[in-house]
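A.B. asks: the sequence isn't on hand, but the structure is:
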(Lines give C-alpha, C1' and ligand atoms only; values in the text may rest on other atoms or scores of the structure.)
Protein backbone atom coordinates (compact mmCIF):
# COMPACT_ATOMS: atom_id res chain seq x y z
CA UNK A 1 0.00 0.00 0.00
CA UNK A 2 2.69 2.55 0.97
CA UNK A 3 4.95 1.74 -1.96
CA UNK A 4 2.85 3.77 -4.38
CA UNK A 5 0.22 6.30 -3.55
CA UNK A 6 -0.85 9.35 -5.55
CA UNK A 7 0.30 11.74 -2.79
CA UNK A 8 3.80 10.18 -2.71
CA UNK A 9 4.36 10.51 -6.44
CA UNK A 10 7.71 12.18 -7.05
CA UNK A 11 8.71 11.75 -3.42
CA UNK A 12 10.24 8.28 -3.50
CA UNK A 13 13.45 8.09 -1.48
CA UNK A 14 16.30 7.49 -3.98
CA UNK A 15 18.18 5.27 -1.52
CA UNK A 16 15.05 3.14 -1.02
CA UNK A 17 14.60 2.89 -4.80
CA UNK A 18 18.26 1.96 -5.36
CA UNK A 19 18.22 -0.61 -2.55
CA UNK A 20 14.99 -2.16 -3.85
CA UNK A 21 16.39 -2.50 -7.38
CA UNK A 22 19.72 -3.89 -6.14
CA UNK A 23 18.04 -6.39 -3.79
CA UNK A 24 15.82 -7.54 -6.67
CA UNK A 25 18.92 -7.97 -8.83
CA UNK A 26 20.57 -9.96 -6.03
CA UNK A 27 17.52 -12.21 -5.80
CA UNK A 28 17.84 -13.05 -9.51
CA UNK A 29 21.63 -13.61 -9.44
CA UNK A 30 21.54 -17.37 -8.70
CA UNK A 31 19.85 -17.84 -12.08
CA UNK A 32 22.35 -15.53 -13.82
CA UNK A 33 25.69 -15.84 -11.95
CA UNK A 34 27.63 -13.37 -14.12
CA UNK A 35 25.01 -10.66 -13.80
CA UNK A 36 26.81 -8.92 -10.91
CA UNK A 37 29.81 -8.18 -13.12
CA UNK A 38 27.46 -7.02 -15.89
CA UNK A 39 25.62 -4.68 -13.50
CA UNK A 40 28.93 -3.24 -12.27
CA UNK A 41 29.99 -2.49 -15.85
CA UNK A 42 26.57 -1.02 -16.68
CA UNK A 43 26.64 1.28 -13.65
CA UNK A 44 30.18 2.34 -14.49
CA UNK A 45 29.10 3.34 -18.01
CA UNK A 46 25.85 5.06 -16.96
CA UNK A 47 27.50 7.09 -14.20
CA UNK A 48 30.52 8.01 -16.38
CA UNK A 49 32.97 6.74 -13.77
CA UNK A 50 35.77 6.70 -16.31
CA UNK A 51 35.45 10.46 -16.92
CA UNK A 52 36.46 12.14 -13.66
CA UNK A 53 36.27 15.64 -15.20
CA UNK A 54 32.47 15.67 -15.65
CA UNK A 55 30.98 13.84 -12.68
CA UNK A 56 29.20 16.78 -11.05
CA UNK A 57 25.82 15.82 -12.53
CA UNK A 58 26.14 12.31 -11.09
CA UNK A 59 26.91 13.22 -7.48
CA UNK A 60 23.41 12.72 -6.01
CA UNK A 61 22.61 9.50 -7.93
CA UNK A 62 26.03 8.14 -6.96
CA UNK A 63 25.40 9.09 -3.32
CA UNK A 64 22.12 7.14 -3.32
CA UNK A 65 23.77 4.11 -4.90
CA UNK A 66 26.70 4.28 -2.45
CA UNK A 67 24.33 4.34 0.51
CA UNK A 68 22.37 1.42 -0.88
CA UNK A 69 25.50 -0.61 -1.68
CA UNK A 70 27.76 0.09 1.30
CA UNK A 71 25.50 0.92 4.23
CA UNK A 72 23.22 -1.81 5.54
CA UNK A 73 19.63 -0.93 6.31
CA UNK A 74 19.10 0.24 9.87
CA UNK A 75 16.86 -2.77 10.54
CA UNK A 76 19.55 -5.27 9.43
CA UNK A 77 22.46 -3.41 11.04
CA UNK A 78 22.35 -5.62 14.13
CA UNK A 79 22.97 -8.69 11.99
CA UNK A 80 26.53 -7.43 11.34
CA UNK A 81 27.25 -9.96 8.63
CA UNK A 82 28.70 -9.45 5.16
CA UNK A 83 25.38 -10.40 3.56
CA UNK A 84 23.82 -7.16 4.77
CA UNK A 85 26.23 -5.14 2.60
CA UNK A 86 24.83 -5.30 -0.93
CA UNK A 87 28.15 -4.49 -2.62
CA UNK A 88 29.69 -7.65 -1.18
CA UNK A 89 26.64 -9.79 -1.94
CA UNK A 90 26.56 -8.55 -5.55
CA UNK A 91 30.29 -9.25 -5.97
CA UNK A 92 31.28 -5.73 -7.04
CA UNK A 93 35.01 -5.09 -7.34
CA UNK A 94 36.91 -2.88 -4.93
CA UNK A 95 38.21 -0.53 -7.69
CA UNK A 96 34.61 0.05 -8.85
CA UNK A 97 33.46 0.87 -5.31
CA UNK A 98 36.40 3.22 -4.75
CA UNK A 99 35.68 5.07 -8.02
CA UNK A 100 31.98 5.24 -7.23
CA UNK A 101 32.56 6.57 -3.73
CA UNK A 102 34.81 9.37 -5.03
CA UNK A 103 32.09 10.88 -7.24
CA UNK A 104 29.83 12.23 -4.47
CA UNK A 105 32.79 13.05 -2.22
CA UNK A 106 31.78 15.58 0.40
CA UNK A 107 28.02 15.06 0.17
CA UNK A 108 26.30 14.15 3.42
CA UNK A 109 23.79 12.15 1.36
CA UNK A 110 26.45 9.38 1.16
CA UNK A 111 26.06 8.65 4.85
CA UNK A 112 22.89 7.54 6.61
CA UNK A 113 21.57 10.25 8.95
CA UNK A 114 21.90 7.88 11.91
CA UNK A 115 25.68 7.76 11.38
CA UNK A 116 26.25 11.53 11.29
CA UNK A 117 27.15 13.06 14.68
CA UNK A 118 24.64 15.73 15.70
CA UNK A 119 27.39 18.32 16.23
CA UNK A 120 28.35 17.98 12.56
CA UNK A 121 24.83 19.05 11.54
CA UNK A 122 24.58 22.11 13.75
CA UNK A 123 25.83 25.43 12.33
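C.D. replies: That came through fine. These numbers come from a predicted model, not from an experiment.
A.B. asks: so which helix or strand takes in residue 101?
C.D. replies: For residue 101, the enclosing helix or strand under DSSP states H and E is helix 94-102.
A.B. asks: helices or strands next to that helix in the packing?
C.D. replies: When contacts are defined as 3 or more Cβ pairs under 8 Å, 6 or more residues apart in numbering; DSSP states H and E, helix 94-102 packs onto helix 35-46, helix 59-70. Heads up, the C-betas are built off the backbone N, CA and C, glycines and all.
A.B. asks: can you do 10 Å?
C.D. replies: Using 3 or more Cβ pairs under 10 Å, 6 or more residues apart in numbering; DSSP states H and E, the elements in contact with helix 94-102 are helix 35-46, helix 59-70, helix 86-90.
A.B. asks: and the gap between the closest residue in space to residue 69 that isn't next to it in sequence and residue 41?
C.D. replies: With sequence-adjacent residues excluded and distances taken as Cβ to Cβ, 6 or more residues apart in numbering, residue 69 is closest to residue 87, at 4.1 Å. Distance of residue 87 to residue 41, computed by Cβ to Cβ, to the nearest Å: 15 Å.
A.B. asks: okay, the two: which has more neighbours?
C.D. replies: It is residue 87, of residue 87 and residue 41, that has more neighbours when counted by other Cβ atoms under 10 Å, with 22 against 11.
A.B. asks: low-confidence stretches in the chain?
C.D. replies: 1-10, 50-57, 74-83, 104-109, 120-123 (pLDDT under 70).
A.B. asks: now the angle from the longest helix anywhere in it to helix 59-70?
C.D. replies: For the chain, the helix with the greatest residue count under DSSP state H is helix 14-28. In terms of direction (axes from the mean of the first three to the mean of the last three Cα atoms, to 10 degrees), helix 14-28 departs from helix 59-70 by 50 degrees.
A.B. asks: coming back round to it: could the helices and strands packed on helix 94-102 go into JSON lines alongside distance to residue 102?
C.D. replies: Conversion of those to JSON lines gives the following (distance: least, Cβ to Cβ, whole Å):
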{"stretch": "helix 35-46", "distance to residue 102": "13"}
{"stretch": "helix 59-70", "distance to residue 102": "9"}
{"stretch": "helix 86-90", "distance to residue 102": "15"}
